[in-house]
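Visitor: Generate a structure from the sequence data that follows.
(one chain, ligands or ions: 1)
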Amino acid sequence: MRKKIVAGNWKMNMDLNEGYRLAESINNYFRQKPSTKAEVVLCPPFIHLAGVADILKDGNVFLGAQNCASEPSGAYTGEVSAVMIRSTGAQFVIIGHSERRTYYNEDNKTLLKKTIQALKAGLKVIFCCGEVIQERESGIHFDVVKRQLEEGLFSLSAEDFSRIVIAYEPVWAIGTGLTATPSQAQEMHKFIRDLVENKYGIGAAQDLTILYGGSCKPSNAREIFAEVDVDGGLIGGASLKKEDFIAIVEAV
Ligand code: PEP
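Guide: Model (predicted):
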């Protein structure tokens, strides 16, 4: 059976001590009351990674970064490589978040390079895709997502692809309070699973974890996660509040 995952993307929030406190309280909660249904992943900013890895070491919560460099090492001031991320103890990295695509002009070609670096370093990749509102309104949202996956992922080998998690995040739902309806999410998740089946076969498609992201909160998580092709969530704003994040994990 494929894995369910709930990952918290803290974005550029929390100073070091606030981040440690949040990680500690989430870790304590799941140490005492393990989530049997979903793997829980915290994705803090880079500066938190090593310290949060230490906090999570005796628990069952996983750690991820929010981005990595497209190059392996060298003279790239300000960048953080996938190998460095892995060396902190992190197991995951988010690649292709819409905020990276929009504000930092990360295109599918760059995202493929980042994904290759991450996989080489031994990380699992949470690869984000999703359309903006104009694309949905003009009915090209399936084409947009197809292209993001074809160009960003589909040149990977089947073995490498088995370490990919896809997050469908309609951009119009991220941080806006608007959420895809459960049937809109299911429709796109099924479309993604079918694309993967065409490319990598039915086994890979059935094993693929596909997360929903976009204003997920305790009040709507249960009905979205109930859809057959939704395998958990990538959570932004609500992952900064311990109670909300835990409630979302428990909605799986
Ligand atoms: C995200 O940033 O991945 C996200 C889904 O954000 P939010 O939950 O705040 O919409």
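Visitor: Residue 158 - how many residues pack around it?
Guide: Taking other C-beta atoms under 10 Å as the criterion, the count of residues near residue 158 is 11. Placement of C-beta: from N, CA and C, glycine included.
Visitor: What is the neighbour count of the residue nearest to it when sequence neighbours are not counted?
Guide: Using C-beta to C-beta, 6 or more residues apart in numbering and skipping the chain neighbours, the partner closest in space to residue 158 is residue 200 (5.3 Å). Other residues within reach of residue 200 by the criterion other C-beta under 10 Å amount to 20.
Visitor: And the pLDDT at residue 200?
Guide: The per-residue pLDDT reported for residue 200 equals 98.
Visitor: What separation is there between it and the ligand?
Guide: 25 Å (C-beta to the nearest ligand atom, to the nearest Å).
Visitor: Does residue 220 touch residue 180 like I think?
Guide: No - between residue 220 and residue 180 no contact is recorded; they are 9.6 Å apart, counting by C-beta atoms under 8 Å.
Visitor: Just want to know which of the two has more residues nearby.
Guide: Here residue 220 and residue 180 are compared on neighbour count by other C-beta under 10 Å; more neighbours surround residue 180, at 26 against 18.
Visitor: and the residue of the chain most remote from its centre, which of the three is it?
Guide: Within the chain, the residue lying farthest from the chain centre (C-alpha atoms, centre = their mean) is residue 75, at 27.9 Å. When the structure is reduced to helix, strand and coil (DSSP: H, G, I helix; E, B strand; the rest coil), residue 75 reads as coil.
Visitor: What about the closest residue to residue 151 other than its chain neighbours? Give its phi and psi, please.
Guide: If you skip the residues right next to it in sequence, residue 151 has residue 108 as its closest partner in space, 3.5 Å away by C-beta to C-beta, 6+ apart. Residue 108 adopts backbone torsions of phi -60, psi -30, taken as degrees, to the nearest 10.
Visitor: Pull the contacting residues for residue 108.
Guide: For residue 108, the contact set (C-beta atoms under 8 Å, 6 or more residues apart in numbering) comprises 147-148, 151-152.
Visitor: Now for the residue of the stretch 101-250 of the chain found nearest the ligand, how many residues are close by?
Guide: Distances between the stretch 101-250 of the chain and the ligand by C-beta to the nearest ligand atom are smallest at residue 236, namely 2.1 Å. Residue 236 has 22 neighbours, counted by other C-beta under 10 Å.
Visitor: And the one 10 residues further on, by the same measure?
Guide: Using other C-beta under 10 Å, residue 246 is surrounded by 19 other residues.
Visitor: same deal with residue 90?
Guide: By other C-beta under 10 Å, the residues close to residue 90 number 29.
Visitor: which SSE is it in?
Guide: Following DSSP states H and E, one finds residue 90 outside all helices and strands.
Visitor: so what's it up against?
Guide: When contacts are counted by C-beta under 8 Å, 6+ apart, residue 90 touches 49, 53, 63-65, 123.
Visitor: Looking at the residues you listed, spot the one nearest the ligand.
Guide: Compare each of the contacts of residue 90 with the ligand using C-beta to the nearest ligand atom and the shortest gap goes to residue 64, at 11.8 Å.
Visitor: Taking the contacts of residue 90 together, which two end up most distant?
Guide: Between all members of the contacts of residue 90, the longest pairwise span (C-beta to C-beta) is found for 53 and 123 and amounts to 13.0 Å.
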